[in-house]
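J.: Give me the fold of what follows.
(chains A and B)
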Amino acid sequence: MTSHPPLGLYIHIPWCVRKCPYCDFNSHRAEGSLKERAYVKALLLDLDEEIPFIEGRPIETVFFGGGTPSLLSGEAIEAILSGVRSRLNLLNDAEVTLEANPGTLDEGKFEAFHVAGVNRLSIGVQSFDAAHLQKLGRIHGPSEALEAFRRARSVGFESINVDLMFGLPDQTLEEALMDVQTALRLSPTHISYYQLTLEPNTLFHKYPPRLPGDEKTWMIQEAAQDLLAEAGYSQYEVSAYSRTGKECRHNQHIWEFGDYIGIGAGAHGKISHPEAGIFTRTAKIKHPEHYMKATEEGKSLGSRVKIDKKDLPFEFLMNALRLRSGFQESLFEERTGLSINVLEPLLSQSVDEGLMIRDQGRIHCSLTGFHFLDTILQRFLP
Amino acid sequence: MTDQKDIRNFSIIAHIDHGKSTLADRFIQTCGGLTEREMSAQVLDSMDIERERGITIKAQSVTLHYQAKDGKTYQLNLIDTPGHVDFSYEVSRSLAACEGALLVVDAAQGVEAQSVANCYTAIEQGLEVIPVLNKIDLPSAEPERVCAEIEEIIGVPADEALRISAKTGLGVDDLLEQLVAKVPPPKGDPNAPLQALIIDSWFDNYLGVVSLVRVVNGSIQRKQKVVLMSTGKSHLVDKLGVFTPKSLNQEVLNTGEVGFVIAGIKDIFGAPVGDTITATDHPCETPLPGFQQVQPRVFAGLFPVESDDYENLREALNKLHLNDAALQYEPETSQALGFGFRCGFLGMLHMEIIQERLEREYDLDLITTAPTVVYEILKSDGSTIEIDNPSKLPPPNEVAEIREPIIEANILVPQDYLGNVMTLCIEKRGVQKRMQFMGGQVSVSFELPLSEVVLDFFDRLKSVSRGFASFDYEFLRFQEAPLLKLDILINGERVDALSLIVHRDISQSRGRDLVEKMRDLIPRQMYEVAIQAAIGAKIIARSSVKAMRKNVLAKCYGGDISRKRKLLEKQKAGKKRMKQVGKIDIPQEAFLAVLRVNKDS
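T.: Have a look, this model is predicted:
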């Protein structure tokens, strides 16, 4: 009951060459030269402030997300990781992932990342179709994507994820499956396959492109899932597929309601203190300039909020039910400090309705439930 | 204290948008009731809904002191009246407290039907009616034509009608002078035992029941013990006073005055509208005549979305009923919707306002079923019953005759739109009775089935006449008609709350339209939804809403849980106003689909 969950470190790099019209993450157009050194300094100052809350726990995973982390130089990544090592116990076998955009690869950069200690790359391919890439506002074409993958392999990256999107504007079933087949030929260890959605505060939301309808998108999803399964990629989360044992540990921990430190502009974190029954969420200042200024001036970098006890079950489910195999009842009690019975009567109702399955101490969505996860989660909203 | 002969009690009769609220504001400003800053909003309409919709629902009063040219200061009590056809009953209540009424007519638009009806009520009640032409500053104003209309249609001499602009203030002083000169002071004996008529009552969470009263005889004082004649209960007067329009406490309300009384009444049935307040030590012998009971004409079921809210709904209806005697309700049980109330309303607007008030002021989520009228059923055994709910229609073998309510609609319409209005009335099964040309307008009357009127007649009338036609109606009789019960089935289950009674000739098309409309209104969900329309055992139309393929967000926003949670909360909020019938969520709009059948097709 009082043991700590695994701890990860999330590092947000908030810049992109340009903003994609569908993206609603905290990313800003990189103008002029990147203030790389200042940002690295800010990240480490940020991390210093987190240290008292970590109580000496080891770091099992690191994840550079963005924005476009591959915009940073090898030296910057090296500086960040050595800064992390000198402050925290970064385990030798830690998974260290970096998100890379195929359009940002200078000669030698992947090698420098690898040497710095990054051991997993997540390549933002999105599609291998030139026309679709253009409509998505991507800065790379199909050949850059293939080249990025080839280089990653050649410098020694074994764990590589390929990000693919489907349900793209005017996308046909054939085009979508071609993307999947191209990705499979590369034989990555992991594929993230997610549907394009129009999010508020994006250009696509304001000027919606013509997306394939629900039925066609569904056909794409089913056919693509068949291809992935045949090729040995099993779906372990709503949008994540991997070879056995090659799941993304960092995300897996998040979905299992583990802890993660979040540093960088707009980064979110979650830290538990199970012995005190306290769970906190952190969020850092979003705008990179304001964020860096606050670190320089020693001002507060954001918020640290206690999760209300009544919100815990919902927040746990929101993450854990995304996993195809769900969670052990004991994990729920360990991570929330609450009895599994707090999920009643909704849990039994959902089981009776055939949306959830409770079997030998494990709880997960049925196949139908997995497709209607949001419908299930709404019920559990506090 | 104002001498009784210097009191003037009056109302303003005006059609919506003819400038009543603006004129009231101008009076308040002229008499110094509020500072410039406080005048920023129109003050007389105090409920949010009233302000938003620009209509006045409940009686309110304001007491003003006007220094006239004769050097005397007069106490003017303006009692507000609603302008909509649904609220003619409220109008008669307000007028009962007055000796005079200003008939305000838009000098560009001319006389409208509701003003005619309200004006007749005022004349019947013996009030001095003073016609006024407002909006004289508009370039389109036609004062000569409108004066002729007032004389021809209403029969009130209009030669002395003042031409004013409430907006600019032009002529408002002259109007106040005319008001003081023409409206008689209140009669009543200051030495007789107290008789105060309750014009309106409302419930305040802190003060209990607040009543607006007109002191007819005697006087009422603070700390006085009074009796409510309908309940026989004694109460001590805590507070009394007037609205200026801010509430201003006073020690006494004298004969002829209008103001509020708070007597520590916590029971919401403790001070019904129309009741007489008298003194405990010197009671009067008989109560004042009060008001005639009104009959609701439109009925609908109101059901809480959350069944836990049933008692809250009852409590809220009790409170609303306090100052809205026309609202009737009794418990109703629906197989589909659970426990709720069958409510009777004066008309569609009344229904919408009650629903909005329940949701806004009492924070309830409600499902309203389609409005229906009362039908008279002659049963095979010779007995007659009245039903206000289609699901209560007895089985066909027990029904000898179904009789529907027929009304007489009096419509005023400019000649250009007469053809459109006639077409509409005939489409609604109307029978023309009279037609009279007067000024530029035509007064035409039709006998119409009320069921056709409650659905969308008012909106259609406005749209076919570009807003110029107006109408007023009264109940005539029940009349036999070939009517049938149309049922709606969702996934094979008859949903009682969706049944309706329709005319045989349109039953097929109504069934088809309804099923199509419901298909558009019911959102895709986890399960396929089959919608059917049936008459008896015969299915006459069918359609379906395909099941959704999935409902799951692809992304999880890099550890930022709040984003996704907000999305889920938004989705869930969208499900409010939906009622689960079996496994299917049916939105409020689908229950009212019949109202929309003719609208956008």
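
J.: how much space between the residue of the stretch 101-250 of chain B found nearest chain A and B:Tyr362?
T.: The minimum distance from the stretch 101-250 of chain B to chain A, using Cβ to the nearest Cβ, falls at B:Asn205 (28.3 Å). C-betas here are computed from N, CA, C, even on glycine. Look at B:Asn205 and B:Tyr362: by Cβ to Cβ, to the nearest Å, they are 11 Å apart.

J.: Tell me which of these two has more neighbours.
T.: More neighbours surround B:Tyr362 than the other of B:Asn205 and B:Tyr362, with 16 against 6 (other Cβ atoms under 10 Å in any protein chain shown).

J.: Just list the residues touching the more buried one, thanks.
T.: B:312-313, B:315-316, B:319 (Cβ atoms under 8 Å, 6 or more residues apart in numbering or on different chains).

J.: immediately after the longest strand that chain B contains, which helix or strand?
T.: If you go by DSSP state E, chain B has its longest strand at strand B:399-414. Following strand B:399-414 in sequence order, the next helix or strand is helix B:418-427 (DSSP states H and E).

J.: Sort out which residues of that next one are buried, please.
T.: B:418, B:420-422, B:424-425 (16 or more other Cβ atoms under 10 Å in any protein chain shown).

J.: Could you name the helices and strands sitting against that helix?
T.: strand B:399-414, strand B:441-449, helix B:458-464 (3 or more Cβ pairs under 8 Å, 6 or more residues apart in numbering or on different chains; DSSP states H and E).

J.: Listing partners with orientation, what would you give for the first one?
T.: I take that to be strand B:399-414. strand B:375-379 (antiparallel), strand B:441-449 (antiparallel), strand B:470-480 (antiparallel) (DSSP bridges).

J.: Residues of the stretch 1-150 of chain A that sit close to chain B?
T.: With Cβ under 8 Å from any Cβ of the partner chain as the criterion, the stretch 1-150 of chain A comes near chain B at residues A:10, A:12, A:25, A:65.

J.: And what about A:Ser122, helix, strand or coil?
T.: strand (DSSP: H, G, I helix; E, B strand; the rest coil).

J.: Show me how far stretch B:354-369 is from its chain's centre.
T.: Here the centre of stretch B:354-369 is set off from its chain's centre by 15 Å, with Cα atoms, centre = their mean, to the nearest Å.

J.: for the record, mean pLDDT for it?
T.: Across stretch B:354-369, pLDDT averages out at 88.

J.: got a pLDDT number for the residue of the stretch 101-250 of chain B closest to chain A?
T.: Model confidence at B:Asn205, given as pLDDT, is 74.

J.: and if you look at B:Pro272?
T.: pLDDT, B:Pro272: 80.

J.: what about it, neighbour count?
T.: 20.

J.: what's the answer for B:Asp381, then?
T.: 7.

J.: Look up the closest residue to B:Lys433, ignoring the ones flanking it.
T.: B:Ser445 (4.6 Å; Cβ to Cβ, 6 or more residues apart in numbering or on different chains).

J.: wait, A:His250 sits on A:Phe64?
T.: No - between A:His250 and A:Phe64 there is no contact under Cβ atoms under 8 Å: 10.2 Å.

J.: Name the residues contacting each of those two.
T.: Counting by Cβ under 8 Å, 6+ apart, the contacts common to A:His250 and A:Phe64 are A:Thr97.

J.: residues touching A:Leu121, list them.
T.: Counted by Cβ under 8 Å, 6+ apart, A:Leu121 has contacts A:97-98, A:100, A:110, A:113, A:152, A:157, A:159-161.

J.: Among these, name the ones in helices.
T.: The helices, defined by DSSP state H, take in A:110, A:113, A:152 from the contacts of A:Leu121.

J.: tally of neighbours for residue 311?
T.: No chain in the question, so chain A it is. Other residues within reach of A:Asp311, judged by other Cβ under 10 Å, total 17.

J.: ah, no, chain B please
T.: 10.

J.: Not counting residues beside it along the chain, what's closest to B:Glu332?
T.: B:Arg342 (4.0 Å).

J.: Out of the ones in helices among the contacts of A:Leu121, which comes closest to chain B?
T.: Nearest member of those to chain B, counting by Cβ to the nearest Cβ, is A:Phe113, at 19.4 Å.

J.: sorry, back to before: the residue of the stretch 101-250 of chain B closest to chain A and A:Glu174: what is the separation?
T.: 66 Å.

J.: and the nearest residue to B:Asp309 once chain neighbours are set aside, what is it in contact with?
T.: Residue nearest to B:Asp309 in three dimensions, not counting chain neighbours: B:Leu364, with 5.6 Å by Cβ to Cβ, 6+ apart. Shown in contact with B:Leu364 (Cβ under 8 Å, 6+ apart): B:304, B:309, B:312-313, B:316, B:358.

J.: does B:Thr255 really touch B:Pro193, like I thought?
T.: No - applying Cβ under 8 Å as the test, B:Thr255 and B:Pro193 come out as separate, 11.5 Å apart.

J.: what residues are shared contacts of the two?
T.: B:217-218.

J.: Neighbours of residue 4, how many?
T.: In the absence of a named chain, this looks at chain A. Quick note: A:His4 (other Cβ under 10 Å) scores 17 neighbours.

J.: you looked at the wrong chain, it should be chain B
T.: 17.

J.: One more: A:Gln181?
T.: For A:Gln181, the tally of surrounding residues (other Cβ under 10 Å) stands at 13.

J.: so who does it touch?
T.: A:Gln181 neighbours (Cβ under 8 Å, 6+ apart): A:Leu227.

J.: May I have the secondary structure class of it?
T.: The three-state label given to A:Gln181 by three-state DSSP is helix.

J.: Name the residue in B:Thr255 and B:Pro193 with the higher neighbour count.
T.: Shown here are B:Thr255 and B:Pro193; by other Cβ under 10 Å, B:Thr255 has more neighbours (23 against 14).

J.: pLDDT at that one, what is it?
T.: If you check B:Thr255, the pLDDT there is 95.

J.: Name the SS class of it, please.
T.: Classification of B:Thr255 using three-state DSSP returns coil.

J.: how close does it get to chain A?
T.: Separation of B:Thr255 from chain A (Cβ to the nearest Cβ, to the nearest Å): 60 Å.

J.: Same question for B:Arg504.
T.: 40 Å.

J.: these two touch, right, that residue and B:Pro482?
T.: Yes - look at B:Arg504 against B:Pro482 with Cβ under 8 Å: they come within range, at 4.1 Å.

J.: interface residues of the stretch 251-382 of chain A facing chain B?
T.: A:254-255, A:260, A:262, A:267-270, A:281, A:283, A:314-315, A:318-319, A:322, A:368, A:370-375, A:377-378, A:381.

J.: List buried residues within the residues you listed.
T.: A:254-255, A:260, A:262, A:267-270, A:281, A:283, A:314-315, A:318-319, A:322, A:370-375, A:377-378.
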